[in-house]
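**Student:** Provided below are the primary sequence and the corresponding predicted coordinates.
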Amino acid sequence: MEALFSLDLSYYLLVSLGVLIGIIFGAIPGMTATMAVAVCLPMTYALDLNHGLALLLGLYVGGISGGLVPAILINIPGTPSSITTTFDGYPMTLKGEPEKALKIGIVSSLVGGLFSAAVLYYFAPTLADWAIKFSYVEKFLIILFALTVIASLCTRLLVGIFSGVLGVWVSLFGVYDMAKGGNGELRIVPEVLSVFLENGFSLLPVLIGLFGLTVIFGEAEKGVHDEATTSVKLSKDKRFSWSVFKGQTINLLRSSTIGTFIGLLPGVGGSAASVLAYSQAKNFSDDPSKFGTGHPDGVIASESSNNGLTGGALIPLLSLGIPGDSTTAVLIGAFTLQGIQVGPLFIAEHTDVWNTMMLGLVVANLIMFAIMYYAIRHISKVIMIPKYLLYPGIMMMCVVGAYAINSGIMFDVWTLFLFGLIGWIGVKLGLEIAPFIIGFILGPSAEVYFVKSLESFGTLAIFFTKSPIALFLWGLIALSVGYSVYSTMKAKRASAKDTV
Amino acid sequence: MNRLVLKFVASTLAASSLLATPAAAEQKALADNLRIVIGSTSTGGDTYQVSAIVAEALSKKLGINAKVDPVGPTAALQAISKSADGSTVMLFHDQSYVGNLYGVRGFPDIFKEYKIGPTVAINPGDAFLVPAKSPYKNMEDVIQAAGHDKRIRVAIQPGGVSALGYTALKNAVEVRFPGKEGNVVPVNTGSQADKNQLLFDGNADLINGSVQANEQYTRLPADDQKAMRFVWITARQQTLQQADPEGLGQTSREQLLNYATPAVSVTLDGKKNFAFDKEFFFIYNADIKPEAVAAIDKALADIYAEGAIQGTLKKSFFIPNFMPAKDAQTYLKDKADETRKLIDKIK
């Protein structure tokens, strides 16, 4: 409480401003929390460390949270970590429940954010010590565990696995980056295309293309008819009620824990957190068949986990000086610019900064909730805009976002259209988009950790013998795959019975 | 509070004005908006830190908006290739030519294809560390072990300045124990986090790090899995002696000098020790207009003459090192030629 009153009004104003800008960045397809923090980082040079961090923490929380808005309303994940929010959020919108879906997402984000802040405050040094027990081997197994979600997401198992593997393959285009310990050699891409694909396809244009443009191309194919001039009707009897969280305590806690846990492992990433949380929510559900059809449990799992990541990713940053995710990797610049070392003794030697950061994180989450919860009623009306007006606007935002990702590379815009076409045609051919994109996102990390494990230990057996943690992860992987296959077969049998 | 908010609003407006490109700027030697791309994508590393300090000083001195853009080496070189008007310049360190000497893809010969700008600073903190419980107490132990058929795994980033330390170590083993240099093997990694993790896991005997990133780890109790010890700081003694006497964190300059040559010997040829200063300098488009080069040279000369930047750099454990573009070109070319000899020798 002392810290609460020791700061001036400008501190709280900067947190609020950060949250607001962050939400806007997160809500625009192609713009991310990382980008928001990177753009505003130089401005903190004019501020002291506490005020600079206030702004950046606001941007971080706002940016992660804002991603749920386009994910739910227009099926385009605002940030990579909100992919799984589209799985049930967008179907809810189509059912006339956008406001309900958004509010469920916002409340879940708040719970995830506050949960991870509490974990950060009470357990940071202990968890950081534990996190370093996760070597390349264990991190590879976590990615593999996250990839098992493909088994539970796809409608046809073999096609789903093929789509996932295809996604991994496409993610490996370009140079095996030496900055990741690679050999700097170009793979898959012919030399003639290396000028465009030196670094492979950028994630966000691929993501927006597959999710956003695929839908728009599909609508364009239908042509302008009555439906294109109308919109989704908002259902008044399906408004948000707090009772939707009844029985969700375990889902919220499990998903927030997964988000925080993944956050504290440097390099694993926010997408893995939401993907894992979603798959586990589905696996533990009484009726997994509801997932993907507009089930609130899916939105709760996805959003509580990706906001759970925020506190989690700050754990290795503040306890080891190692950023937990891409956004905290930029955030560390605020300390660097002020000439402050962040390492294992940071918390002990800078207690005042630590307390102020914790306060900033909690305040940012509360402000995020206040801004989004009360603004959402108006934001959700975006889907009432007729499609012939809405879709060109979305298309324009997608193009601007794709162009801005790497500071103005036109090839990113072509990537956007290319993957929009691939998604549109692929769906017709039976390709499963969700497994493809999950493979694409997790592929590079899987490759680095797999190769580095082999380089370090020289044998495949190490994946089974490295540590008890590795064995435990294999157990989880087996359970996850087994349960998904069992659920699929059970659903097929039920469907066959119904047909008879 | 009002002052703070005003400062913030002013810097926000300055940053937002980057979006505009006034036509009038074309008439001047330097555009109103100067984009400084850097050869690193990290905002937490030394390149961003030095660049931010220099950009801030240039902004104030010239009344322009100089903004640092961390895009990485390949993208940075591509960006300046398109900017003969000097509106985009690059700031990076020795890796820009060391990468080429190691034959790394994406690193052209900057002395042929670009123009070298002024040097601005040195990071004297490039270091090698071992776990606190390592049997190797110093570099002599490491060299002796390699010479007596122990495999020494060194975590580095291939093609980077850290690879040069690895090459120098390998060369020293070859000089002192001919034929045994193969016992020094690289473990290729990227980030500092990865290098630290290799040490925690016992998958590397020696890692490249820095005083800035690893000093706190050297102060942990020896029984902590994360505890490390410095064994080698690659900077030249005379460079390190220019650092603040307080050093960094709780490690004084005198303590740090115990890890640099001549206290630590990694021989080049049996007589001279290897030492290498990691220097930061500008790189321009090959056809950049001379007025732009002269304008940056003059602005930096004034900034360094005024002296304030020295304090800011030293506070962050950098050594101010301004050298105008023309002198820097000759100096860095000579340095690159010397470095090439070492790399070619051990290939």
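**Tutor:** Here it is on my side, so go on. Residues are numbered from 1 along each chain as shown, chains lettered A, B, ... in the order given.

**Student:** Quick check: the gap between A:N306 and A:A272.
**Tutor:** The gap separating A:N306 from A:A272 is 10 Å, by CB to CB, to the nearest Å. Just so you know, the C-beta spots here come from the backbone N, C-alpha and C atoms, and that holds for glycine as well.

**Student:** Just want to know which of those two has more residues nearby.
**Tutor:** Counted by other CB atoms under 10 Å in any protein chain shown, A:N306 and A:A272 do not tie: A:N306 has more neighbours, with 37 against 31.

**Student:** Tell me who's in contact with the more buried one.
**Tutor:** A:N306 makes contacts with A:64, A:67, A:79, A:81-82, A:85, A:109, A:112, A:259, A:270, A:273-274, as judged by CB atoms under 8 Å, 6 or more residues apart in numbering or on different chains.

**Student:** and it, backbone torsions?
**Tutor:** Dihedral angles of A:N306 (phi, psi; degrees, to the nearest 10) stand at phi -70, psi -30.

**Student:** returning to that earlier point: sort out for me which of the contacts of A:N306 are in helices.
**Tutor:** A:64, A:85, A:109, A:112, A:259, A:270, A:273-274 (DSSP state H).

**Student:** and which of those is nearest to A:D352?
**Tutor:** For the ones in helices among the contacts of A:N306, the closest approach to A:D352 (CB to CB) belongs to A:I64, at 25.9 Å.

**Student:** now that closest one: how far from chain B?
**Tutor:** 18 Å (CB to the nearest CB, to the nearest Å).

**Student:** swap in A:I394?
**Tutor:** 23 Å.

**Student:** check which helix or strand covers that residue.
**Tutor:** helix A:387-405 (DSSP states H and E).

**Student:** name the helices or strands packed onto the next helix or strand after that helix?
**Tutor:** For helix A:387-405, the following helix or strand on the C-terminal side (DSSP H and E) is helix A:410-429. Applying 3 or more CB pairs under 8 Å, 6 or more residues apart in numbering or on different chains; DSSP states H and E, one finds that helix A:410-429 contacts helix A:203-208, helix A:214-222, helix A:387-405, helix A:433-457.

**Student:** Name the stretch among those that sits most buried.
**Tutor:** Highest mean neighbour count among the helices and strands packed on helix A:410-429 (mean count of other CB atoms under 10 Å in any protein chain shown): helix A:203-208, with a mean of 26.

**Student:** what's the distance between it and the middle of its chain?
**Tutor:** Computed by CA atoms, centre = their mean, to the nearest Å, the chain-centroid distance of helix A:203-208 equals 13 Å.

**Student:** Stretch A:62-77 too?
**Tutor:** From the chain centre to the centre of stretch A:62-77 is a distance of 10 Å (CA atoms, centre = their mean).

**Student:** how long is that stretch from one end to the other?
**Tutor:** For stretch A:62-77, the first-to-last residue distance is 15 Å (CA to CA, to the nearest Å).

**Student:** do the same with stretch B:267-282
**Tutor:** Distance across stretch B:267-282, first residue to last, is 31 Å (CA to CA).

**Student:** Spatially nearest residue to the residue of the stretch 201-347 of chain B found nearest chain A (excluding sequence neighbours)?
**Tutor:** As assessed by CB to the nearest CB, chain A sits closest to B:Q216 within the stretch 201-347 of chain B, at 3.1 Å. The shortest distance from B:Q216 to any non-neighbouring residue, by CB to CB, 6 or more residues apart in numbering or on different chains, is to A:G343 (3.1 Å).

**Student:** returning to what we had before: when you compare pLDDT across the contacts of A:N306, which one is lowest?
**Tutor:** In terms of pLDDT, the lowest of those is A:G270, showing 72.

**Student:** Near it, how many other residues are there?
**Tutor:** With other CB under 10 Å as criterion, A:G270 counts 33.

**Student:** any idea how far it is from A:A364?
**Tutor:** Shown here: A:G270 relative to A:A364, a distance of 17 Å by CB to CB.

**Student:** Same question for A:I83.
**Tutor:** Distance, A:I83 to A:A364, by CB to CB: 23 Å.

**Student:** hmm, back to that, surely the residue of the stretch 201-347 of chain B closest to chain A and A:G321 touch.
**Tutor:** Yes. Contact criterion CB atoms under 8 Å: B:Q216 and A:G321 qualify, at 7.0 Å.

**Student:** what is in contact with the two at once?
**Tutor:** Shared contacts of B:Q216 and A:G321, defined by CB under 8 Å, 6+ apart, comprise A:341, A:343-344, A:346.

**Student:** ranking these by neighbours, who comes first?
**Tutor:** Neighbour tally across the shared contacts of B:Q216 and A:G321 (other CB under 10 Å): the maximum, 24 neighbours, falls on A:G343.

**Student:** where do the strands sit along the stretch 1-150 of chain B?
**Tutor:** Assigned strands in the stretch 1-150 of chain B, in chain order: B:33-38, B:65-70, B:88-93, B:114-123, B:126-131 (criterion: DSSP state E, counting those that start in this stretch).

**Student:** what does the stretch 101-250 of chain A have sitting close to chain B?
**Tutor:** Within the stretch 101-250 of chain A, the residues that sit near chain B (CB under 8 Å from any CB of the partner chain) are A:129, A:132, A:135-136, A:175, A:177-186, A:198-199.

**Student:** Using PyMOL, define a selection of the buried residues within those residues.
**Tutor:** Typed into PyMOL, the line below selects the buried ones among those, using 16 or more other CB atoms under 10 Å in any protein chain shown:
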select buried, chain A and resi 129+132+135+136+175+177+178+179+180+181+182+184+186+198+199
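
**Student:** So which of the residues of the stretch 101-250 of chain A next to chain B belong to helices?
**Tutor:** Going by DSSP H, the helices hold A:129, A:136 from those.

**Student:** what about B:A308, how many neighbours?
**Tutor:** With other CB under 10 Å as criterion, B:A308 counts 11.

**Student:** distance of the closest residue to A:G218 other than its chain neighbours from A:L418?
**Tutor:** Distance criterion CB to CB, 6+ apart; nearest residue to A:G218, sequence neighbours excluded, is A:W424 at 6.2 Å. Distance from A:W424 to A:L418, counting by CB to CB: 11 Å.

**Student:** again with A:T126
**Tutor:** As judged by CB to CB, A:T126 and A:L418 stand 47 Å apart.

**Student:** Which elements pack onto the host helix or strand of B:D327?
**Tutor:** Using DSSP H and E, B:D327 maps to helix B:325-346. Contact here means 3+ CB pairs under 8 Å, 6+ apart; on that basis helix B:325-346 packs against helix B:95-101, helix B:110-113, strand B:114-123, helix B:161-176, strand B:278-285, helix B:290-306.
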